[in-house]
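Enquirer: the following block contains a protein sequence and its predicted model.
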Amino acid sequence: MVKDWSKYQNFSEEEFACKCGCGQVNVSEFLIQKLQICSDYTKQATGKRIPIIIESGCRCLHHNHEIGGSISSSHIADDKVECTAADIKIANSTQRFWILRGLFVAGFLRIGIYNDHNGIHADVDSTKDECVMWKK
């Protein structure tokens, strides 16, 4: 769980909180560290920081069920289980390119590309297949 959000200049606790309003925000610090590396890479590579907008971070069980999330979703969090996933909103194909490149540089091994809502899923869930990439 992230204890000191001030170490991560491009991310905040609020953007990872469950969207149902319950306030659940038990997110993996390892996930945030890797996302910060990705963000820093985009600035270094392009000369400007590509915004990494978190569309979905932590989800309580109820919210995950309501939106049709998998029962084994890496987004699920509670007081004992950390969210190990983030869905990133993408504005265009150029952003998709640089963020995907940054995710690889940061060491993400689980990445999904969603064409239906212009997003990227990235997670550090060690309980699932180590290396996987998918497209929906």
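Expert: Everything's here; your move.

Enquirer: can you give me the strands for this structure?
Expert: 53-56, 85-89, 110-114, 119-123, 132-135 (DSSP state E).

Enquirer: any idea how far the nearest residue to Thr46 once chain neighbours are set aside lies from Ser70?
Expert: The shortest distance from Thr46 to any non-neighbouring residue, by C-beta to C-beta, 6 or more residues apart in numbering, is to Trp98 (6.0 Å). The C-beta positions use only the backbone N, C-alpha and C, and glycine is treated the same way. Distance, Trp98 to Ser70, by C-beta to C-beta, to the nearest Å: 28 Å.

Enquirer: the two: who's more crowded?
Expert: Trp98 (20 against 9; other C-beta atoms under 10 Å).

Enquirer: quick one: the more buried one and Lys43 touch, right?
Expert: No: look at Trp98 against Lys43 with C-beta atoms under 8 Å: they stay out of range, at 9.8 Å.
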